[in-house]
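Trainee: How does the following fold in three dimensions:
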Amino acid sequence: MFYDLNIALPEAAGRPNASLSSQDWTRVLQTVEKARELGYSVVALNQAISGKLTADHLKIWKTMPEVPNVQLSWSVHTGKRTLTNGLTGVVKRGQIRVLRRVTAAISEADHGHSVAGTATAGEYDVVAVRPLTEKILQAASGGSWSGIDLISLDMGARWGFFAKHKTVGQALAQGFSFEVAYQAALADPATRQQWVSNTAAMVRVTRGRGLVWTSGALRAFDLRSPYDVANLGDAVQLNADLAKRAVGANARAVLVHAFTRTGTLRAVVAASKEAVEEQGSGAGKRQIPVAAAETPNKRAKAAV
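Mentor: Below is the predicted model:
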């Protein structure tokens, strides 16, 4: 399966108590439909916020209309999560699974604690941080905020600091992944050149491990097929196999990590009744949640 864990909501969605117009939601849903047509099975709608995450940021999700052939991970009536251990399950043919993601741009360490295992953060399927300083990148990579799944850097801008081998290695050891959104690669020449420089640097320090390609698309026009996205690896010296994993297995690993964040407590796996029932009197086998069975995360290993 292919994944795009960053279909961007409009900037206004990042404000507490925000709401989107029907036109805004129509544009978002058109992008989701385009992703389905291009072959993506799972996408995440990304709510980008600045600073602390609060419960008021969740209210916007109750304003999204219901649509056919789309499996939402939350109820549009209550705004609460309804999809838990099914994050990584198989999606039915012709359908697409839509998850919720929040990305907090952080410049102060105190703000990071709002996404570190809070009840509000637990309502999101993917929790990401965008460090705005080297100090914040080091804190995120070192595990100061264990409730995150993804570290996102603005690949089209100058960072003002370097992503060092030691810092990135700590993040990978914690089970965190690094996002490479390709939206900037489709922008003006200067931004595109900066994207190539930043992405090539991330490829070097990660050796291609833990990288996740995403679109950051605001419109359907901004999306590219999974194979076109993987081909971007040629521009940054990322081999074909690792580039394909960045839109497949690596993205799935983010959801596996997210499962251990929201679906486990003190190394106990939360599983639905259906996931552990006997498959039949003759089979004699039981099913366990696929996320818990395959996760590389130490907590999930202990759980199973």
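
Trainee: Doesn't residue 44 belong to a strand?
Mentor: Yes - under DSSP: H, G, I helix; E, B strand; the rest coil, residue 44 falls within a strand.

Trainee: That one: what's it in contact with?
Mentor: With contact set as CB atoms under 8 Å, 6 or more residues apart in numbering, residue 44 has these partners: 4-7, 98-101, 125-126. Using the backbone N, CA and C atoms, a C-beta is placed for each residue, glycine as well.

Trainee: And the longest strand along the chain, what does it pack against?
Mentor: Looking across the chain with DSSP state E, the single longest strand is strand 96-106. Secondary-structure packing of strand 96-106 (3 or more CB pairs under 8 Å, 6 or more residues apart in numbering; DSSP states H and E): strand 3-8, helix 22-38, strand 42-50, strand 70-72, helix 109-112, strand 126-131.

Trainee: buried ones in the longest one?
Mentor: For helix 22-38, a neighbour-count test (16 or more other CB atoms under 10 Å) marks 24-25, 27-29, 31-32, 34-36, 38 as buried.

Trainee: Excluding chain neighbours, give the residue nearest to residue 105 in space.
Mentor: residue 130 (4.4 Å; CB to CB, 6 or more residues apart in numbering).

Trainee: again with residue 200
Mentor: On the basis of CB to CB, 6+ apart, the spatially nearest residue to residue 200 that is not a chain neighbour turns out to be residue 236, at 4.3 Å.

Trainee: residue boundaries of the helices in the chain?
Mentor: Assigned helices in the chain, in chain order: 22-38, 109-112, 134-141, 165-173, 189-206, 226-231, 240-245, 249-262, 273-276, 290-294, 298-303 (criterion: DSSP state H).

Trainee: first to last residue in stretch 181-200, what's the distance?
Mentor: 13 Å (CA to CA, to the nearest Å).

Trainee: Can you mark which positions in it are buried?
Mentor: 181-186, 191, 194-196, 198-199.

Trainee: Check stretch 243-258 too.
Mentor: Quick answer for stretch 243-258 (16+ other CB under 10 Å): 243-248, 250-258.

Trainee: give the contact list for residue 182.
Mentor: Contact analysis of residue 182 by CB under 8 Å, 6+ apart lists 195, 213-216, 224, 229, 232.

Trainee: taking those one by one, which sit in strands?
Mentor: Short answer: these in strands (DSSP E) are 213-214.

Trainee: Tell me the one among the contacts of residue 182 nearest to residue 153.
Mentor: residue 195 (10.9 Å; CB to CB).

Trainee: I figured the closest one was touching residue 189, is that so?
Mentor: No - the criterion here is CB atoms under 8 Å, and residue 195 misses it with residue 189 at 10.5 Å.

Trainee: just to revisit the earlier point, quick one: work out the angle between the longest strand of the chain and strand 42-50.
Mentor: Here strand 96-106 runs at 20 degrees with respect to strand 42-50, directions being taken by axes from the mean of the first three to the mean of the last three CA atoms, to 10 degrees.

Trainee: Any idea how far strand 96-106 is from the middle of the chain?
Mentor: Taking CA atoms, centre = their mean, to the nearest Å, one finds the center of strand 96-106 at 6 Å from the center of the full chain.

Trainee: With stretch 182-191 instead?
Mentor: On the basis of CA atoms, centre = their mean, the separation between the geometric centre of stretch 182-191 and that of its chain is 21 Å.

Trainee: Convert the C-alpha atoms of that stretch to PDB, please.
Mentor: Output of stretch 182-191 as PDB, limited to C-alpha atoms (Å, rounded to 0.1, in the frame of the first residue of the first chain):
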ATOM      1  CA  TYR A 182       7.900  17.300  -1.900                       C
ATOM      2  CA  GLN A 183       5.600  20.400  -2.300                       C
ATOM      3  CA  ALA A 184       8.700  22.700  -2.300                       C
ATOM      4  CA  ALA A 185      10.200  20.600  -5.100                       C
ATOM      5  CA  LEU A 186       7.300  21.900  -7.300                       C
ATOM      6  CA  ALA A 187       7.800  25.500  -6.400                       C
ATOM      7  CA  ASP A 188      10.000  28.300  -7.900                       C
ATOM      8  CA  PRO A 189      13.700  27.500  -8.900                       C
ATOM      9  CA  ALA A 190      15.200  29.000  -5.700                       C
ATOM     10  CA  THR A 191      12.900  27.000  -3.400                       C
END
